[in-house]
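Peer 1: Pasted the sequence and its predicted model underneath.
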Amino acid sequence: MTQWRFEVFNHTGFPDVHGHSILEEIKELGIKEIQAVQSARVFLIEADFDKQFAKRVAEELLTDPVCEQYIIGRSGPPAGLAKATLIEVHLKSGVTDPVAESVTNAIYDMGQKTGNVRTAKKYILLGGISQKQIDTITKKILANDCIEEVIIGNETEPPGPHLKPYEFNLVHWPVCNLDAGALTKLSKEKDLFLNLTEMQTIRNYYTELSREPTDVELETIAQTWSEHCVHKTLKSSIDFSFNDQQLHFDNLLKETVFKATKELDKNWCISVFEDNAGVVEFDSDSAICFKVETHNHPSALDPYGGAATGIGGVIRDPMGTGLGAKPIANTDIFCFGEPDKKIGDIPKGILHPKRIMKGVVAGVRDYGNRMGIPTVNGAIYFDDRYLANPLVFCGNIGLMDKNKCFKNPQTGNLIIVVGGRTGRDGIHGATFSSGQMTHEYETIFSHAVQIGNAITEKKMLDVLLKANELNLYEAITDCGAGGLSSAVGEMGEKLGAEVELEKVPLKYAGLSYTEIWISEAQERMLIAVKPEKLDEIMKIFKAENVEATVIGKFTDNKKLTLRYDGNQIAEIDMQFLHEGIPKYSRKAAWNEPELTEPAIPEKQNYNDDLLKILSSYNVASKEWVIRQYDHEVQGGSVVKPLTGEKNDGPSDAAVIKPKLNSQKAIAISCGMNPLYGDIDPYWMALAGIDEAVRNLISVGARPDRIALLDNFCWGNCTKPETLGTLVRSAQACYDGATAFKAPFISGKDSLNNEFECEDGSTISIPPTLLVSAVSIVEDVNNCVTMDLKDSDNLLFIIGETKNELGGSHYYKIRKQLGSNVPKVDLRKAPKIAEKISEAINQQLIESCHDCSEGGLAVTLAEMAFAGELGIKANLKGLPKSDDCLKASSQLFSESTSRFVVEVKQENFDNFAKLMLNLPFGQIGTVTKEKKLIIKNQNGKNIINIDNDKLKQSWQKTFNW
Amino acid sequence: MNNVKAIVLRAAGINCDTETEYALNLAGANAQRIHINQIIEKQTILDGFHIMVFPGGFSYGDDVAAGKILANQIIHHLAEAIRKFIADGKLVLGICNGFQVLTKMGILPGDDSTTPAYQNDVTITCNDSGIFEDRWVYLAPQTKRCLFIDPDKQIYMPIAHGEGKVVAKDDDTLQALIDNDHIAFKYVDEDGNEGGYPINPNGSIASIAGLTDTTGRVLGLMPHPERHIHNTQHPRWTRLKTKGQPDGMTIFKNAVNYIKNNF
């Protein structure tokens, strides 16, 4: 076969958008020598066709006839310009290349077959730069070491993928005669991330069997017992010392988060903490399920791929819940280092936070949008402790048949893998994500990065929904962390399973049986099918070109048996695999830190403070991110992430209709406040729950149907003081869920988010609890948004403002922390939520916005500029605690459980009647003049700013 | 006739098919989503339908260029069937990715008696911003020929795309598009005036948001009419509380009514 090389460039006169954005990024790096960047797409196609056909491929398929031109062969540097650098970026061998697949199919449509097809990008940098600068540009902008290979100059091409077939060779990893030191060494050498107790348990198991384990057996156990898969820390027994008290938990999770759910015992909870997502009732026929996952470690290494596979992975959770749900909404919450960090201040082995942020946003965008699932809710937090460990939370909500919320795999069912092929990608993802990162991870663990192809997943989703409708399978689950190992292991836990690994379809030859078994290649689901339904289900898959393969069957011997070409390579008792993991006991401690309130003199006016808070990273508009997500696909959008007269105000929660022909909907929100955790993680967690609830209530959701999800992202929990903060937060989850009568239905943790720098120091993330929430909206026509609606309406605040500036943004802009962290009044908070909800249902409220980051002043500013109306407010009417005397506390305190609402004059009486006995007061009126005026208790203006200026401050930060 | 049958094309990566089917049904059609493999296998399927919709999404991942791979597949397997569909007096609508596919196939702007074909003269390419954007836009109708359109009614609906910039090879081509009445919609502001970003969200030449062919029975547009068929989809519905027919419905209703009156 001939290797044809095509290069596709823009025609002169048509902008090279990609090249231009690369140039901007080079300038941002401080490299001024480059005057222009030209980009080209490169296609390497092995085929037997002739030159004439090659020209047709170029003209009809690869090149846009209007704005592009091509050459067949290799272009040199542009004539007359001596100082040009040619750089080509190729995907590493084995990395998924979706474009190549599409090109292969398209050429087949044109009537010719091809051999290997690859794509690459070519950049021509114009301007004299040094070798060092070239290295910087390729490393920081053009390519990612984990997945891409760079070729400088114009001479060579990377070798084609090695296709050497695998030769079977059964490998044993002996443990029976190893002592403690040798066991630890084995675990480390093989990246098993198993500790000594676990290794000893395994040794005892095999000693009893009088044989040595095979490599794939140890790998299977390591995957199944990984922190990522079993949450051993949260389920361990813990001795907790708190100030001077001692507390003991037999199982932390069961005695806190689960316990609240169990005690609340809501009949609308269908399946909680047992499946891939938590399931609650939606209406008489349907249920919704919700799962939020993290994909932190991979996103640190490859932000784009890590985030894309993060969202791709969490979408498969609802798809694999019960008998499968249709994904209807995505959420995403990120934590990054501050994006203006100097390059020199970034520790070795870490990508710049702005690059991480851009890559993560692009990854979520490209995968979520391609799947046709609206991304409707999210948040982004910035703190330099997230520099090395960015947090990427991806959530997905699914809609499912209420009668299909449980799996039922049976002995004799065939095990079928559906969707993408298996490759060498993502090996050791589960164990890798359970460990601590170091500056060397970038090179050592590049194979843990997975590459996604959204279209493969979308195709698979389409056919699985159809097969579900026709009741053609008995159980379904996703191949996530741990790959087939975890999926088969879990589904067959109560039965037993036999798998023939050579049957698994591969992306390329050369994979060993172990690689096949533990690969975390994306876009694969596992189903259990009765033999008599095999033909029918296969027909459905085939009709839409989705690959599905029988790889084994479920047995009744409660053993996991693996074979390769007829050779038995593993046989593990399901019981040992799933229940053999030793139980841990850990120590945890938390002592109240000694903190003080900063002394900040009171001022005549707070204009500057408000503007500064509005433009601070956490508070500033995220429109740049939000608009890159399709938040309206599927047609169910009711309350969008951006709202108001110019469609740019910040909504509190998203509302979507899962069924287009019904007025019933769901509201989705989140709450998170890592800053408070530095003072007290208990109040941090409660503030997060209160915020998530407030956000739902603000748009008109039911207070009695709120379901919560927890995501704990913590540092190294073998340190008692780190685990102590987690215990404190878990206790708050119990108290908060109980008080709001809002059960947790699902959760996930990601521990060991610490980074070991080259000098041996570690950076740990702050304790970070994300609370996600979902509730029901009975009638979308009653929904409320946060933008002011009309002049002369009255503004009220409900909830008490206290002297609680600890962890506030007012302090943060001064680099202070303080000590008076906001505390949730668990008696009052649910009552306030209930009454606001009642007022919304009675249509007494025109707009409603919760008070959160930045306090009352920020809330009023956002309501004003979103509604293109002004506010005259007076702090005299503010319900407040006795010690909340300073204007700064009244404006910026982040006390929880507070709402600002806009009420028409004629509705005042009815509204006031409802609010009786709650702390509420009128704080102002809506004005035509587009200005925010806030007077202090003595009637003096302490804030007086035009809307335009407020909005500009809020929008300029991420005007990228 | 009253049984107006609409086919909504499915293919790998198409993802607005369900809500498009719903919108057509709401407008009084009897709509069905059908996979391209099924049509290629049995092209006569098309004979049973009056309206064919190419919905939004990312067909084949928009690999190579938006809509390109699907366009290539149709050119090589279904070109004749679709030309016949149009020649039979039936209607074709391409929304977002569907518009990209119709353009890359050469169905839009289509053949003029004077100019042979625009296939190599008009295309849709990357937004000037370089990124995907979801935002609402106002559309001003430019032609009386296209039967999907109320010629006097400015409408409001969202775009959601990364490659929506309509470009022509040269000024003569653009002039021919204008002279031959191919421009269906332009992006305008609330008062009907053309402008720069974000009024024209992608940098399209002459603010083109949609094109029609010589028959007026084929429409392609980047914005999504199926996303404005309920009043609660309007981004400011909590301010406006409008009760009238949502703007997106006009496109689907006009199509259904045309078939009712002409078949």
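Peer 2: Everything's here; your move. Numbering: from 1, shown residues only, chains lettered A, B, ... in the order given.
Peer 1: Show me what residue A:248 bridges to in the sheet.
Peer 2: residue A:239 (DSSP bridges).
Peer 1: ok, how many other residues are close to it?
Peer 2: 10 (other CB atoms under 10 Å in any protein chain shown). Backbone N, C-alpha and C define where each C-beta goes, glycine included.
Peer 1: Quick check: phi and psi on the nearest residue to residue A:919 once chain neighbours are set aside?
Peer 2: Leaving aside its chain neighbours, residue A:919 sits nearest to residue A:879 (3.9 Å; criterion: CB to CB, 6 or more residues apart in numbering or on different chains). The phi/psi pair for residue A:879 (degrees, to the nearest 10) reads phi -70, psi 120.
Peer 1: Residue B:177 now?
Peer 2: The phi/psi pair for residue B:177 (degrees, to the nearest 10) is phi -60, psi -40.
Peer 1: can you give me the helices for the stretch 301-450 of chain A?
Peer 2: In the stretch 301-450 of chain A, the helices defined using DSSP state H, counting those that start in this stretch lie at A:303-319, A:353-371, A:429-432, A:441-444.
Peer 1: give me every residue that touches the residue lying closest to residue B:63 once chain neighbours are set aside.
Peer 2: In space, and not counting its chain neighbours, residue B:63 is closest to residue A:102: 3.6 Å by CB to CB, 6+ apart. By CB atoms under 8 Å, 6 or more residues apart in numbering or on different chains, the residues touching residue A:102 are B:60-61, B:63-64, B:69.
Peer 1: Kindly provide the distance from residue A:174 to chain B.
Peer 2: 47 Å (CB to the nearest CB, to the nearest Å).
Peer 1: so that residue sits in a helix?
Peer 2: No. Counting by DSSP: H, G, I helix; E, B strand; the rest coil, residue A:174 falls outside a helix, being coil.
Peer 1: mind checking how far it is from residue A:581?
Peer 2: Look at residue A:174 and residue A:581: by CB to CB, to the nearest Å, they are 21 Å apart.
Peer 1: More neighbours: which of these two?
Peer 2: The residue with more neighbours, out of residue A:174 and residue A:581, is residue A:581; 21 against 13, by other CB under 10 Å.
Peer 1: Okay, now the unreliable bits of the chain?
Peer 2: With no chain named, the answer covers chain A. Applying pLDDT under 70 to chain A flags the ranges A:80-82, A:158-163, A:426, A:428-451.
Peer 1: The chain in question should be chain B.
Peer 2: B:112-119.
Peer 1: Report the central residue of it.
Peer 2: Among the residues of chain B, the one closest to the centroid is residue B:220, at 2.6 Å (CA atoms, centre = their mean).
Peer 1: Work out for me the element that residue sits within.
Peer 2: Residue B:220 is part of strand B:218-221, with elements assigned from DSSP states H and E.
Peer 1: So which elements touch that strand?
Peer 2: Helices and strands in packing contact with strand B:218-221 are listed as strand B:91-95, helix B:97-105, strand B:183-188, strand B:208-212; criterion 3 or more CB pairs under 8 Å, 6 or more residues apart in numbering or on different chains; DSSP states H and E.
Peer 1: nearest to chain A, of the ones you listed?
Peer 2: helix B:97-105 (8.4 Å; CB to the nearest CB).
Peer 1: roughly how far out does that closest one sit from the chain middle?
Peer 2: 8 Å (CA atoms, centre = their mean, to the nearest Å).
Peer 1: ok, now how distant is the closest residue to chain A within chain B from residue A:321?
Peer 2: In chain B, the residue that lies nearest chain A is residue B:15 (2.4 Å; CB to the nearest CB). Distance from residue B:15 to residue A:321, counting by CB to CB: 21 Å.
Peer 1: Neighbours of residue 157, how many?
Peer 2: No chain in the question, so chain A it is. For residue A:157, the tally of surrounding residues (other CB under 10 Å) stands at 15.
Peer 1: not quite, I wanted chain B
Peer 2: 27.
Peer 1: just checking, it is part of a strand?
Peer 2: Yes. Judged by three-state DSSP, residue B:157 forms part of a strand.
Peer 1: What separation do you get for it and residue B:207?
Peer 2: 15 Å.
Peer 1: what do you get for residue A:207?
Peer 2: According to CB to CB, residue A:207 and residue B:207 sit 77 Å apart.
Peer 1: Quick check: nearest residue in space to the closest residue to chain B within chain A, chain neighbours excluded?
Peer 2: Nearest residue of chain A to chain B, counting by CB to the nearest CB: residue A:372, 2.4 Å away. Leaving aside its chain neighbours, residue A:372 sits nearest to residue B:15 (2.4 Å; criterion: CB to CB, 6+ apart).
Peer 1: do residue A:294 as well
Peer 2: residue A:750 (4.3 Å).
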